[in-house]
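Trainee: Turn this into a structure:
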Amino acid sequence: MVSGAAQGIGECLVRRLLEQGARVAALDLKQAGLERLAATLDAGERLSLHPLDVADTQAVDQAVAAAEAIHGPIDHLASVAGVLQMGRVVDLEDHEWERALSINAGGPFRLARAVARRMIPRRRGAIVVVSSNAAGTPRMEMGAYAASKAAATQLTRCLGLELAEYGIRCNVVSPGSTDTGMQRGMWADESGRAKVIEGSLASFKAGIPLGKIATPDDVSDAILFLLSPRAGHITLHDLRIDGGATFDLG
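Mentor: Residues are numbered from 1 along each chain as shown. As a prediction, this is how the structure comes out:
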């Protein structure tokens with residue numbers, strides 16, 4: 001099961017999973033985006049589409065039940081859906097703050113809760129939540145986003161502790177700047193990429209030591225690893241995919 005599947009990292013991950021022969025339940029708020037994705041694939045019955053808002057508990061529970069009815073037990077969950085909320089803290093409206101928390105932290109909570117309840121009796125499963133390196137690094141005009149991602153990170157680690165006795169692993173992937181629509185939407189012009197890589201002393205933001213921003217494949221590689229048996233003894237881990245931008249600070 002992959003949320004945020006209609007674009008960016010989520011779309012890339014769906015494609016990669018299908019290439020490996022997996023059955024995938026693709027979740028996203030954008031039904032048209034899901035249908036566009038399906039039209040570019042030849043996945044047949046291995047792909048099911050579930051348009052929903054991850055802030056809606058009933059919709060999440062129904063999608064999990066429907067996915068298991070179609071594909072069988074959900075053994076892997078990648079919670080990728082998220083929104084970018086910009087703005088200085090003193091200027092944020094209540095609804096902007098609440099939207100960021102409800103989707104970026106509440107979405108992983110609702111999905112993981114629904115899936116984990118089914119994984120526990122089976123005593124197997126792997127969950128990966130896509131957070132952000134902003135969860136551990138203060139950023140100008142990103143208070144709501146950073147706080148919501150910090151909540152998602154700690155939620156996942158606590159869940160991993162609670163589920164360890166059942167053999168269920170829970171990990172976090174924390175990308176930095178990644179070449180997605182969300183990232184490009186923050187750029188004022190074509191120089192945006194170079195400015196991100198360079199960093200900004202005025203806004204207290206470090207650049208990227210590797211000299212490039214991540215691709216969706218870079219992040220998908222990390223998610224696929226943590227979902228796989230190759231990561232069989234890894235849980236409660238937060239894997240940074242940011243080219244060294246946060247110097248691996250917690």
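Trainee: Is residue 122 in contact with residue 73, as I believe?
Mentor: Yes: under the criterion of CB atoms under 8 Å, residue 122 makes contact with residue 73 at 6.1 Å. For glycine as for every other residue, the C-beta is placed from the backbone atoms N, C-alpha and C.
Trainee: Check the chain for its longest strand and report it.
Mentor: strand 168-175 (DSSP state E).
Trainee: roughly how far out does it sit from the chain middle?
Mentor: Here the centre of strand 168-175 is set off from its chain's centre by 9 Å, with CA atoms, centre = their mean, to the nearest Å.
Trainee: Please name the strands paired to it in the sheet, noting orientation.
Mentor: When pairing is defined by DSSP bridges, strand 168-175 lines up against strand 125-130 (parallel), strand 238-241 (parallel).
Trainee: Scan the helices and strands of this structure for the one with the lowest mean pLDDT.
Mentor: Lowest on mean pLDDT, DSSP states H and E among the helices and strands of the chain sits helix 181-184, with a mean of 67.
Trainee: Which elements pack onto whatever helix or strand comes next after it?
Mentor: Note on helix 181-184: by DSSP states H and E, the next helix or strand toward the C-terminus is helix 192-198. Helices and strands touching helix 192-198, by 3 or more CB pairs under 8 Å, 6 or more residues apart in numbering; DSSP states H and E: there are none.
Trainee: Helices along the chain, start to end?
Mentor: 8-19, 31-39, 57-71, 94-104, 106-122, 143-163, 181-184, 192-198, 216-227 (DSSP state H).
Trainee: and the fourth one, which residues are buried?
Mentor: Buried residues in helix 94-104, counting neighbours by 16 or more other CB atoms under 10 Å, are found at 97, 98, 99, 100, 101, 102, 103, 104.
Trainee: Which residue, other than its chain neighbours, is closest to residue 12?
Mentor: In space, residue 12 comes closest to residue 216 once its chain neighbours are excluded; the distance is 3.6 Å by CB to CB, 6 or more residues apart in numbering.
Trainee: Count the neighbours of that neighbour for me.
Mentor: When neighbours are counted by other CB atoms under 10 Å, residue 216 registers 21.
Trainee: Please verify my assumption that it contacts residue 7.
Mentor: No: taking contacts as CB under 8 Å, residue 216 lies outside contact range of residue 7: 9.3 Å.
Trainee: just for this structure, where's the confidence low?
Mentor: For the chain, applying pLDDT under 70 flags the ranges 183-190, 249-250.
Trainee: make it 80
Mentor: 180-193, 195-196, 248-250 (pLDDT under 80).
Trainee: Quick check: residue 145 touching residue 132?
Mentor: Yes: using CB under 8 Å, residue 145 makes contact with residue 132 at a distance of 7.3 Å.
Trainee: Which of those two has more residues huddled nearby?
Mentor: With neighbours defined as other CB under 10 Å, residue 145 and residue 132 compare such that residue 132 has more, 29 against 21.
Trainee: check contacts around the more buried one.
Mentor: If you count contacts by CB atoms under 8 Å, 6 or more residues apart in numbering, residue 132 has them with 82, 145, 146, 149, 174, 175, 176.
Trainee: Throw those into JSON lines and include distance to residue 240, thanks.
Mentor: Formatted as JSON lines, the contacts of residue 132 follow (distance: CB to CB, whole Å):
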{"residue": "82", "distance to residue 240": "16"}
{"residue": "145", "distance to residue 240": "17"}
{"residue": "146", "distance to residue 240": "15"}
{"residue": "149", "distance to residue 240": "12"}
{"residue": "174", "distance to residue 240": "5"}
{"residue": "175", "distance to residue 240": "8"}
{"residue": "176", "distance to residue 240": "7"}
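Trainee: Show me which of the residues you listed are buried.
Mentor: For those, buried by 16+ other CB under 10 Å: 82, 145, 146, 149, 174, 175, 176.
Trainee: Looking at those, spot the one nearest residue 19.
Mentor: Closest approach to residue 19 among the buried ones among the contacts of residue 132 (CB to CB): residue 175, at 20.8 Å.
Trainee: Much appreciated, bye for now.
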